[in-house]
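Undergrad: turn this into a model:
(2 chains)
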2 protein chains.
Amino acid sequence: MKRIAVLGHHATSSGDFSLNDLPGGAGRMDVLCRCVTSSLFLSHGMRRDVEVYLVLLGPPRPPVTLRFSGERIRSLNPDERSAGSLIRRALAIPRGDQFRESTPGVAVRRGGLAGLLAEHPFAVLHEDGEDLQKAAVLPENVLLSDHLNFTEEEAELVSGCPSFSVGPLSLHANSAITLLLNEHDRRSAGWT
Amino acid sequence: MKRIAVLGHHATSSGDFSLNDLPGGAGRMDVLCRCVTSSLFLSHGMRRDVEVYLVLLGPPRPPVTLRFSGERIRSLNPDERSAGSLIRRALAIPRGDQFRESTPGVAVRRGGLAGLLAEHPFAVLHEDGEDLQKAAVLPENVLLSDHLNFTEEEAELVSGCPSFSVGPLSLHANSAITLLLNEHDRRSAGWT
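TA: This next block holds a predicted model:
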């Protein structure tokens, strides 16, 4: 199982947002939607061995964590609105401290980064890290920030995590995910 | 200058489509919108040395070619609706045999793949091609198909083009673009 976690610093924690304004009213939810698509979709089929965690840190009641399971997901198409629609449905159900499923393969709970780090070891994808292609062992679980840098508090939480870079230029989070998964694919298939 | 051309087999050639239904009513225009974003965006800024060509092959009056110039583009955000909005505006102006600008950095003309191939040498990104990371020289100009395979007629047109693959699994067109540009970035920066 590979786990990909993305922090959405302004992403709304309420299901009351418009699919017509994912970047604005929903707090750059478009960034997170593209991360879901890049994590789970192959050209024809899904990556069944990937889980995506979205940590929503925007108002009104953060933090919230959503989990998309490639193994169980249904009714997801590659466009941003499709992921946005599943996020909206997940934010509409009551949430507690344990994951609860809102639609097949999508679950929601209270809590954020600290909880994830307590459950699984994560590496950070960051432009200052070690070149992923040169890593002796690829990380199974990675954490990325959205279009904003880690806050001081987050940087403190991940200070002990190994850090990897996908290339010499700073890219969108979903592009970094594509590059990570390609490197996994290449190693699994003996292409490197 | 790098050129990235994408064939949209069902993508509407009329500006009369809804931004709320890019996958359905607009003929998988969402695929092309993501290709524009993956081609032109860095995390903070644009790839000024990239041009994107979208070849729209859907009704009512195909083929139409749109050109997005990274050097001149304005008013483009990374979300699908933003690219879709510029496509809609480009399809709303009269079009002739020469490119005509609809908004800064976006231009439109009649014609399709044959015209592009007559103007520039293109390589094809396709899962059966040579591993891009092992290529002695990377292609400057690449052609991709959307979620559908090349038609027989298109395959005939590109039969003389070199063919490159981005990895062992078949991926979405925009993911293949991300992987191509990363390989360019790595070589430019001496990372390989």
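
Undergrad: end to end on stretch A:50-70, go ahead and measure it.
TA: As for stretch A:50-70, its first-to-last residue distance stands at 5 Å under the measure Cα to Cα, to the nearest Å.

Undergrad: and what of stretch A:75-93?
TA: With Cα to Cα as the measure, stretch A:75-93 spans 18 Å from end to end.

Undergrad: my read: A:L143 touches A:L7, true?
TA: Yes. Here A:L143 lies in contact with A:L7, judged by Cβ atoms under 8 Å, at a distance of 7.4 Å. To be clear about C-beta, it is placed using only N, CA and C from the backbone, and glycine gets the same treatment.

Undergrad: shared neighbours of these two, anything?
TA: Shared between the contact lists of A:L143 and A:L7 (criterion: Cβ atoms under 8 Å, 6 or more residues apart in numbering or on different chains) are residues A:L113.

Undergrad: got the CA positions of the lengthiest strand in chain A in CSV?
TA: Scanning chain A for the strand with the most residues, using DSSP state E, yields strand A:123-131. Provided in CSV are the C-alpha atoms of strand A:123-131 (Å, rounded to 0.1, in the frame of the first residue of the first chain):
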residue,chain,number,x,y,z
ALA,A,123,8.5,10.9,3.8
VAL,A,124,8.1,14.5,2.6
LEU,A,125,8.2,15.5,-1.1
HIS,A,126,9.9,18.8,-1.2
GLU,A,127,12.2,20.6,-3.6
ASP,A,128,15.0,20.6,-1.1
GLY,A,129,15.0,16.8,-0.7
GLU,A,130,17.2,14.0,-2.1
ASP,A,131,16.7,13.2,-5.8
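
Undergrad: what pairs with that strand, parallel or antiparallel?
TA: Strand A:123-131 sits in its sheet next to strand A:141-145 (parallel), strand A:163-165 (parallel), going by DSSP bridges.

Undergrad: just name the most buried of these.
TA: Per-residue neighbour counts averaged over each of those give the maximum for strand A:141-145, namely a mean of 23 (mean count of other Cβ atoms under 10 Å in any protein chain shown).

Undergrad: quick one: distance of that strand to the chain centre.
TA: Its chain's C-alpha centre and that of strand A:141-145 lie 7 Å apart, by Cα atoms, centre = their mean, to the nearest Å.

Undergrad: what do you get for stretch A:119-129?
TA: Here the centre of stretch A:119-129 is set off from its chain's centre by 12 Å, with Cα atoms, centre = their mean.

Undergrad: now that stretch: buried residues?
TA: Within stretch A:119-129, the residues that qualify as buried are A:122-126, A:129, counting by 16 or more other Cβ atoms under 10 Å in any protein chain shown.

Undergrad: what are the buried residues along the longest helix seen in chain A?
TA: Under DSSP state H, the helix in chain A containing the largest number of residues is helix A:173-188. Across helix A:173-188, burial judged by 16+ other Cβ under 10 Å covers A:173-186.

Undergrad: between the two ends of stretch A:51-63, what distance do you get?
TA: First-to-last distance for stretch A:51-63 - Cα to Cα - comes to 19 Å.

Undergrad: quick one: is that stretch near chain B?
TA: No. Contact check for stretch A:51-63 against chain B, using Cβ under 8 Å from any Cβ of the partner chain: none in range, with a minimum separation of 15.2 Å.

Undergrad: chain center to that stretch: distance?
TA: Remark: stretch A:51-63 is offset 10 Å from the chain centroid, using Cα atoms, centre = their mean.

Undergrad: also stretch A:119-133?
TA: A distance of 14 Å separates the centroid of the chain from that of stretch A:119-133, by Cα atoms, centre = their mean.

Undergrad: which residues sit against that stretch?
TA: Applying Cβ under 8 Å, 6+ apart, the external contacts of stretch A:119-133 come out as A:3, A:5, A:116, A:138-139, A:141-145, A:158, A:161-166, A:169-170, A:173, A:176-177, A:179-180, A:183, A:192, B:186, B:191.

Undergrad: rerun that using 6 Å as the cut-off
TA: By Cβ atoms under 6 Å, 6 or more residues apart in numbering or on different chains, the list of residues contacting stretch A:119-133 from outside reads A:3, A:139, A:141-144, A:158, A:161-166, A:170, A:176, A:183.

Undergrad: then stretch A:145-156?
TA: By Cβ under 6 Å, 6+ apart, the list of residues contacting stretch A:145-156 from outside reads A:7-9, A:31, A:173.

Undergrad: dump the residue contacts of A:V158.
TA: For A:V158, the contacting residues are A:V124, by Cβ under 6 Å, 6+ apart.

Undergrad: kindly apply the preceding question to A:N141 instead.
TA: With contact taken as Cβ under 6 Å, 6+ apart, A:N141 is in contact with A:3, A:120, A:122.
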